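>>> Provided below are the primary sequence and the corresponding predicted coordinates.
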2 protein chains.
Amino acid sequence: MKDLDSLALKYDGGRLLVLDQRLLPHEERWVQCHSPDDMCHIIKTLQVRGAPLIGIAAALAIADFAARGASESALRLAAKNLLASRPTAVNLRLAMDRLIFNTDYLEVDGICLRAVDLFEEDRRLCDAMAEHGASLIADGDNLVTHCNTGSLVTTGTGTALGVIKRAWQQGKRVHVFVDETRPLLQGARLTTWELQQAGIPHTLITDSMAAGLMAQRRIDKVFLGADRIAANGDFANKIGTYNLAVVAQYHGIPFYVVAPYTTVDFECPDGSQIPIEERNPEEVGGFASVADGQPALKWTLPDVPVFNPAFDVTPAALVSGIVLDKGIFGREDLQAGALAQFKSPFEK
Amino acid sequence: MKDLDSLALKYDGGRLLVLDQRLLPHEERWVQCHSPDDMCHIIKTLQVRGAPLIGIAAALAIADFAARGASESALRLAAKNLLASRPTAVNLRLAMDRLIFNTDYLEVDGICLRAVDLFEEDRRLCDAMAEHGASLIADGDNLVTHCNTGSLVTTGTGTALGVIKRAWQQGKRVHVFVDETRPLLQGARLTTWELQQAGIPHTLITDSMAAGLMAQRRIDKVFLGADRIAANGDFANKIGTYNLAVVAQYHGIPFYVVAPYTTVDFECPDGSQIPIEERNPEEVGGFASVADGQPALKWTLPDVPVFNPAFDVTPAALVSGIVLDKGIFGREDLQAGALAQFKSPFEK
């Protein structure tokens, strides 16, 4: 398979490499993925994260496995295991469908080609989203974003953060309030890091502060990503997204979702059908030291009961618009069923 | 001054002792307060916290200072400094007014007597709030609370948590979802500890999860405290309270504030007049190791800009009722100006 390069995922001389995002922003350490089982572990432990990149990373793991001579049955089993590693994100399923399940004859060259396609296509999808989405941002806008949606979760410029970066590149002066995104602090650790590198003014806040800023009219728009978008426009995203959608609605502030078409699940009629992954209670009771998976710091007593859903579902009614690579779908478009009218060119 | 005893504040054989709440739930360490300056530091560093207890702790520090022979001018200066240590909580002002500023002739016995009165009165106020508030809770209710409002912030059973404990003692089966309360995690560290000791079923959540639980109809009511209530019913409380009020309103879920009359600022017409304290950015960029005030863990890069207001203001229009020691004031009562109609019996 040819060499591939992005901020957090590489294929380099036959080695599949992943930037361990748990260690950011303090350390940039690349880990090698030796097998699909390795990749399952890498996905579950959030060394690689973000719906688009998970799908592509899994595709490269399968292609690498095929290139090493894996049998057809081993490939099918590996794809099945990878599917289960992150149940909410749909990009993973699309990737496995394209590489393995929607193909009758599995041969190495075809699998590798399709994996490379996914990798390279994602970059173009990012550019298309960025271009469409940037048109929604005005000079001087104050934005809120949640979780991390930039170059760490795609092979290109990102989804929501890609839109913000494009607006900035166009000369629009924006300021980004970054939700820290408890419990795993993707906003605090990763989004501030990406914004700092891009030179875009930003302010870190706790997830409970955006509402107060909105009440003070200090927020103009919300931009964030999605892990799975149902055909009716309902979508699942990082826990806390629904809270932000409700407070945006209450204050009359536009709320935009940015995702590639690979995140749209055309077979999922609405948000109630999206499975929501629950994660380790330790993530809420302390700060997980990412290097070894053990809590570096535990601030609760050991036996405190915890609820820790990784995602929540926001109904389309709270969405001002979904920015896809294909264009912007407004609230009326979503209500009219616009999403269901187009399908992935690769799907059967 | 006579001996006084509560969960987090004691006067014992002439020694003023404070339970260092920064170390909970892992360690119960008492620190001695030697002077009003000491108490300023203890308040600013949140070793003692919670609007009612801050006022009483400051009163005891002044009384102790008087008992050690402080001059009238030293007492006045000390009271002024204590006032500035936590600008949002109004209980501090009431306490200083009673002990020092509303008195023409400052003599030791009078000051000590009034400090003891404040301490003992607070316990009775808690019982009265608990009794009124418990009537709002039904058997089987699922509740959300924010920050910590129990025996750690009063000399009695607490404000909102006191209400919940009273309902539990009455045999009502309740379940409490505890907002972790970023950035300082009073919910995660302190409220779970108090609920565990009381044997009340509870589940820790991040501050962004309550909205999703409400959407699933898994929450019946919200109970929380206040740091200052304006005469029109607007109130300031721990950051994140306004967010919770908005999402409760959106889901049609009753939202109750519990506080003693000492938290009502009759001279403050509305929430816009309440000063909001901003705290150290380090609190958001990591987890402050409480023992030495330095961050034990920093998860952002060092120069990330942070916004860290300690409180926010919730308008009375989002409040279903304010539970005071004097009774329950519903939305209509608040709109009719009911709060402004009574005054502290001790105020001039």
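Yep, it's here. Numbering: from 1, shown residues only, chains lettered A, B, ... in the order given.

>>> Helices along the stretch 201-348 of chain A, start to end?
Along the stretch 201-348 of chain A, counting by DSSP state H, counting those that start in this stretch, helices occupy A:210-215, A:241-250, A:282-285, A:331-335.

>>> What helices and strands are in contact with the second one?
For helix A:241-250, the elements it packs on are helix A:210-215, strand A:221-224, strand A:255-258, strand A:311-314, helix B:210-215, helix B:241-250, judged by 3 or more Cβ pairs under 8 Å, 6 or more residues apart in numbering or on different chains; DSSP states H and E. Placement of C-beta: from N, CA and C, glycine included.

>>> pull the CA atoms of the second one into PDB?
What that stands for is strand A:221-224. Included here for strand A:221-224 are C-alpha records, laid out as PDB according to Å, rounded to 0.1, in the frame of the first residue of the first chain:
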ATOM      1  CA  LYS A 221     -23.100  30.600  16.700                       C
ATOM      2  CA  VAL A 222     -22.300  27.000  17.700                       C
ATOM      3  CA  PHE A 223     -20.300  24.700  15.400                       C
ATOM      4  CA  LEU A 224     -19.700  21.100  16.300                       C
END
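
>>> Okay, now the sheet partners of it, with direction.
strand A:142-145 (parallel), strand A:255-258 (parallel) (DSSP bridges).

>>> Any chance of those strands in TSV with mean neighbour count as columns?
Below are the strands paired with strand A:221-224 laid out as TSV (neighbours: other Cβ atoms under 10 Å in any protein chain shown):
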stretch	mean neighbour count
strand A:142-145	24
strand A:255-258	26
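
>>> How about the stretch 1-150 of chain A: which residue is closest to chain B?
In the stretch 1-150 of chain A, the residue that lies nearest chain B is residue A:25 (5.1 Å; Cβ to the nearest Cβ).

>>> Look up how far residue B:107 lies from the most centrally placed residue in chain A.
Nearest to the mean C-alpha position of chain A, counting by Cα atoms, centre = their mean, stands residue A:50 at 2.9 Å. For residue A:50, the distance to residue B:107 equals 68 Å [Cβ to Cβ, to the nearest Å].

>>> cool, and residue A:141?
Residue A:141 sits 61 Å away from residue B:107, going by Cβ to Cβ.

>>> Pick out whichever of the two has more residues nearby.
residue A:141 (18 against 11; other Cβ atoms under 10 Å in any protein chain shown).

>>> The closest residue to that one other than its chain neighbours: neighbouring residues, count only.
Nearest non-adjacent residue to residue A:141, counting by Cβ to Cβ, 6 or more residues apart in numbering or on different chains: residue A:220, 4.5 Å away. Residue A:220: 17 surrounding residues under other Cβ under 10 Å.

>>> is it true that residue A:220 touches residue A:136?
No - judged on Cβ atoms under 8 Å, residue A:220 makes no contact with residue A:136 at a distance of 10.3 Å.

>>> okay, and the common contacts of the two?
The contact sets of residue A:220 and residue A:136 overlap at residue A:254 (Cβ atoms under 8 Å, 6 or more residues apart in numbering or on different chains).

>>> how far does stretch A:302-321 sit from the chain's center?
15 Å (Cα atoms, centre = their mean, to the nearest Å).

>>> same deal with stretch A:190-200?
Counting by Cα atoms, centre = their mean, stretch A:190-200 comes out at 17 Å from the chain centroid.

>>> Any residue of it touching chain B?
Yes - contact between stretch A:190-200 and chain B, assessed by Cβ under 8 Å from any Cβ of the partner chain, occurs at A:192-193, A:196.

>>> for these, which one is nearest chain B?
Closest to chain B out of the residues of stretch A:190-200 next to chain B is residue A:192 (4.7 Å), distances taken as Cβ to the nearest Cβ.

>>> Give me the pLDDT for residue A:347.
Listed pLDDT for residue A:347 reads 46.

>>> What is the neighbour count of residue A:297?
Residues lying near residue A:297 (other Cβ under 10 Å) number 14.

>>> what packs against the helix or strand residue A:56 falls within?
Using DSSP states H and E, residue A:56 sits in helix A:51-67. If contacts are counted by 3+ Cβ pairs under 8 Å, 6+ apart, helix A:51-67 sits against strand A:9-12, strand A:15-19, strand A:30-33, helix A:36-44, helix A:72-83, helix A:91-96, helix A:108-134.

>>> could you give the mean pLDDT of the longest one?
Helix A:108-134 carries an average pLDDT of 97.

>>> again, but for the fifth one
In this model, helix A:72-83 has a mean pLDDT of 97.

>>> With that, I have no additional questions.
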